[in-house]
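# Whatever this is, show me its structure:
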Amino acid sequence: MLLALSGMTVLATAPALAGSVTAESIWDKRNALQRAQSQLPVGSTVTRTQCTEVNVRTGNYRYICTLFFTDPPAGAAATPTAPTPSAPSAPAP
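Got it, this is the predicted structure:
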């Protein structure tokens, strides 16, 4: 019993290594892909793309795209940093 509980603890604390994001657009497939890409975590790698065109009324379509991705290895993701000012913004006293 204790072994089973310890195994569940390991699974519960393991970081997610893959995921997906989905976005849709009424404009076109490219717009749906751009919307999905804007939701990707920094440093992730897209492994698969799946898009569906849905006819919602005669001549009206909705484009739904899902991007499947893997996360970068721990510590490899770049974190955005604020630029350092080259000169002080206020004069020195």
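
# can we go C-alpha only for contacts and neighbour counts from here?
Will do.

# which residues touch residue 66?
By CA atoms under 8 Å, 6 or more residues apart in numbering, the contact list for residue 66 reads 20-23, 33, 36, 49-51.

# So for it, what's the nearest residue that isn't a sequence neighbour?
Distances taken as CA to CA, 6 or more residues apart in numbering place residue 22 nearest to residue 66, at 4.2 Å, with adjacent residues excluded.

# Mark which of the contacts of residue 66 are part of helices, please.
Members of the contacts of residue 66 lying in helices (criterion: DSSP state H): 33, 36.

# Tell me the one of the contacts of residue 66 nearest residue 70?
residue 20 (8.6 Å; CA to CA).

# so who does residue 54 touch?
By CA under 8 Å, 6+ apart, the contact set of residue 54 is 61-64.

# follow-up on the earlier one: can you give me the distance of the residue nearest to residue 66 to residue 55?
Residue 22 sits at a distance of 18 Å from residue 55 (criterion: CA to CA, to the nearest Å).

# which of these two has more neighbours?
Neighbour count, other CA atoms under 10 Å: between residue 22 and residue 55, residue 22 has more, with 19 against 11.
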